[in-house]
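>>> Quick one: sequence plus predicted model below, questions after.
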Amino acid sequence: NGKKAKKRKQEYEDEEEEEEEERSTDGSKWKFLEHKGPVLAPPYEPLPGHVRFFYDGKLLRLSAPAEEVATFFAKMLDHEYTTKDMFRKNFYKDWRKEMTSEEKSKITDINKCNFTEMSEYFKAQSEARKQMSKDEKLKIKEENERILQEYGFCVMDNHKERIGNFRIEPPGLFRGRGDHPKMGMLKRRIRPEDIIINCSKDSKHPKPPQGMRWKEVRHDNKVTWLVSWTENIQGSIKYIMLNPSSRIKGEKDWQKYETARRLKKCVDRLRAQYREDWKSKEMRVRQRAVALYFIDKLALRAGNEKEEGETADTVGCCSLRVEHIKLYPKMDDQEYVVEFDFLGKDSIRYYNKMPVEKRVFKNLQLFLENKQPEDDLFDRLNTSILNKHLQELMDGLTAKVFRTYNASITLQQQLKELTSRDIPAKILSYNRANRAVAILCNHQRAAPKTFEKSMQNLQTKIDEKQKQLSATRKQLKGAKTEHKASHDDRSKKMVEVKRKAVQRIEEQLMKLQMQATDREENKQIALGTSKLNYLDPRISVAWCVNWNIILTFWCQEKCMGVKSTYFL
DNA sequence: AGTGTGACTTGTAAGTAGTAAC
DNA sequence: GTTACTACTTACAAGTCACACT
């Protein structure tokens, strides 16, 4: 057994060594990388003959390429997108490119196209999928599992790692968010010859499908991606990278929170600095200081410039325009109020009124002088200038670090402030603290479609519980009276039983009411993004330990101590 | 067994930010 | 400075799944 123990010890030490594996300083991200390449989108399957397309009321058989693009539209027919002019216009334009010359001459007006049979067909298909037998469903599940096992993992250095997105995006119609000028355009099919493979030289290279070639196979260990291709809508590059549970993502995430912690140490100094800069003689310095104040105080994003006409018109701090703010010297009982109203990332509206210090207000008035609504508020500033400045103030500091820092510190403060008595209330407290962060970061969601109904259902439950409670209370009262009269053991027991029942129901009622409050407050607020990307998990862990709350957490997405996601 | 629901996953768009070339 | 390009993080919606409830 001495041998075995020795072996175990050796293994343990190997493991240790592995864990302490030096991260190289030359910017290389890995030494060895092997994977099976991407899963390509399945080829197009033509519609069965009975599914017809009509143009101007007349049956029209489409060529396969034209039919495929038509099905993309048909699949979205119930979606609001297909009612939008821009979407229809862009779709129609790209669709025509796929038509034969005969089709082009016949089809001249999208409004005369009837996609309903196609749409019905796909609906029936998805219905049929739902109705499949357990066996059939299991088969599909097993097949998916097989593909996952084969393509969903790679080996990076000494570890088998889960890949985030190992499937190439299938062709379809581009769904931009907000008022996107390119919505409805055709996202074309990606072929092997469009794909760049990245892996190490000494690995087994992924094979392209029979008779086809990759665009390129490279061995660049300065990057973390395994596969890339250029997408045709914006001409940007898409990547296949590792899952958040991977070492490479986890370490990066850890670093992010460490940088935020370093900011915590010097944030007072930085704040004093930008307040001082509000008085600067230089316009560019004052603009920088006011912008930084917004980023710090309101957790605004940096706001890179965007190419006009290529994307939806959204802004961040540095790209704010005159039209996005209004100044009120007096508003109600407050002085120097700034009203923000603009579309941020994903075209989510940011609306806020904030009283600012007089000096900020005067600066803003100055920045607005002689400008048109569509002019930049901070005309002497951009994200590059701002980040260069931040870099000088603290190593590794950029605008987004403020968001991370302020989100995490807000959670910590709110948890301290809000945490109260019993467990359901504690969970409500946690969610409220989380909500404060989501509000700070403006993380919104569309109210769930079923919100009203599920709220009603919950209310019904509460009402029923209430009735049950008063009934049980009555019974308790009855039991008490009976006990007073008889003074026997049996009636005494009854009183106890009823007392316990009342208590239990009270607890249940409270829990339901908490749930209702929680859900109502959460109607249009998305907690997931902050949980996933902004809240240092150590804060939540500490809170749970402190209050002796059992931390049930789901480790699938990101991993313990490195990137944990959903707490509670 | 069927259905409604919330929890969790997947998909991919839309940001941030660094680098390099002019 | 300006711009193009690249790599990576953050974002919401939609899809899927498991489970409670009828």
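Here it is on my side, so go on. These figures come from a predicted structure and were not determined experimentally.
>>> how about the residues of the stretch 301-450 of chain A that lie near DNA strand C?
A:301, A:307, A:345-346, A:348, A:382, A:384, A:400, A:403-404, A:441-446 (C-beta under 7 Å from any atom of the strand). Just so you know, the C-beta spots here come from the backbone N, C-alpha and C atoms, and that holds for glycine as well.
>>> If we use 6 Å, what do you get?
Neighbours of DNA strand C within the stretch 301-450 of chain A, by C-beta under 6 Å from any atom of the strand: A:345-346, A:348, A:384, A:404, A:441, A:443-446.
>>> Show me the two of those that sit farthest apart.
A:Ser384 and A:Ala446 (34.0 Å; C-beta to C-beta).
>>> And the two? Which one has more around it.
Taking neighbours as other C-beta atoms under 10 Å, A:Ser384 and A:Ala446 compare with A:Ser384 leading, 12 against 9.
>>> so is A:Val338 in a helix, a strand, or just coil?
Judged by DSSP: H, G, I helix; E, B strand; the rest coil, the three-state class of A:Val338 is strand.
>>> right, and it touches A:Leu364 too?
Yes. With contact defined as C-beta atoms under 8 Å, A:Val338 reaches A:Leu364; the gap is 6.6 Å.
>>> between those two, what contacts are shared?
A:325, A:327, A:356 (C-beta atoms under 8 Å, 6 or more residues apart in numbering).
>>> now the helices for the stretch 1-150 of chain A?
Along the stretch 1-150 of chain A, counting by DSSP state H, counting those that start in this stretch, helices occupy A:2-19, A:64-75, A:85-98, A:101-106, A:116-131, A:134-151.
>>> returning to what we had before: redo the shared contacts of A:Val338 and A:Leu364 as TSV? Include distance to DNA strand B and neighbour count.
Below are the shared contacts of A:Val338 and A:Leu364 laid out as TSV (distance: C-beta to the nearest atom of the strand, whole Å; neighbours: other C-beta atoms under 10 Å):
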residue	distance to DNA strand B	neighbour count
A:Ile325	17	17
A:Leu327	23	15
A:Val356	21	20
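>>> quick one, domains of chain A?
A:29-42+A:135-247, A:54-132, A:250-399, A:408-565 (the TED database).
>>> Which stretch among these approaches A:Pro48 most closely?
The nearest among the domains of chain A, by C-beta to C-beta, is domain A:54-132 at 7.9 Å.
>>> Endpoint to endpoint, that closest one covers what distance?
Domain A:54-132 has an end-to-end distance of 31 Å (C-alpha to C-alpha, to the nearest Å).
>>> any bit of it sitting next to DNA strand B?
No. Domain A:54-132 is not in contact with DNA strand B by C-beta under 6 Å from any atom of the strand; minimum separation 9.0 Å.
>>> now swap in stretch A:404-419 and tell me
No. Using C-beta under 6 Å from any atom of the strand, stretch A:404-419 stays clear of DNA strand B, coming no nearer than 9.3 Å.
>>> quick one: average pLDDT of that stretch?
Across stretch A:404-419, pLDDT averages out at 90.
>>> Now do the strand or helix carrying A:Lys252: which elements does it pack against?
Element membership for A:Lys252, per DSSP states H and E: helix A:247-277. Packing partners of helix A:247-277 (3 or more C-beta pairs under 8 Å, 6 or more residues apart in numbering; DSSP states H and E): strand A:159-162, helix A:283-298, helix A:383-393, helix A:399-418.
>>> And the ones you listed: which comes nearest A:Ser454?
helix A:399-418 (25.0 Å).
>>> helix or strand right after that closest one?
Using DSSP H and E, the helix or strand that follows helix A:399-418 towards the C-terminus is helix A:423-440.
>>> How far does that following helix sit from its chain's centre?
Mean C-alpha position of helix A:423-440 versus that of the full chain (C-alpha atoms, centre = their mean, to the nearest Å) differs by 19 Å.
>>> Return the mean pLDDT over that helix, rounded to an integer.
Taken as a whole, helix A:423-440 has a mean pLDDT of 83.
>>> Could you list the residues in contact with that helix?
By C-beta under 8 Å, 6+ apart, helix A:423-440 touches A:298-299, A:406-407, A:410-411, A:414-415, A:418-420, A:510-511, A:514, A:517-518, A:521-522, A:525-527, A:529-531, A:534-535, A:540, A:543, A:547, A:549, A:567-568.
>>> hmm, that helix touching DNA strand B?
No. Remark: helix A:423-440 sits outside contact range of DNA strand B, by C-beta under 6 Å from any atom of the strand, the gap being at least 9.7 Å.
>>> Which of the residues in that helix are classified as buried?
Going by neighbour count (16 or more other C-beta atoms under 10 Å), the buried part of helix A:423-440 is A:424, A:426-438, A:440.
>>> Then stretch A:477-495?
Buried residues in stretch A:477-495, counted by 16+ other C-beta under 10 Å: A:479, A:482-483, A:491, A:494-495.
>>> where does chain A dip in pLDDT?
For chain A, applying pLDDT under 70 flags the ranges A:1-24, A:421-424, A:550-568.
>>> can you count the residues close to A:Gln365?
Other residues close to A:Gln365 by other C-beta under 10 Å number 12.
>>> need the residues of the stretch 51-200 of chain A near DNA strand C, please.
Neighbours of DNA strand C within the stretch 51-200 of chain A, by C-beta under 6 Å from any atom of the strand: A:Lys141.
>>> surely A:Gln475 meets A:Lys498?
Yes. Here A:Gln475 reaches A:Lys498: they are 5.2 Å apart, a contact under C-beta under 8 Å.
>>> higher neighbour count, these two?
Neighbour count, other C-beta under 10 Å: between A:Gln475 and A:Lys498, A:Lys498 has more, with 19 against 16.
>>> Return the residues in contact with that one.
With C-beta under 8 Å, 6+ apart, A:Lys498 has these contacts: A:472, A:475-476, A:479.
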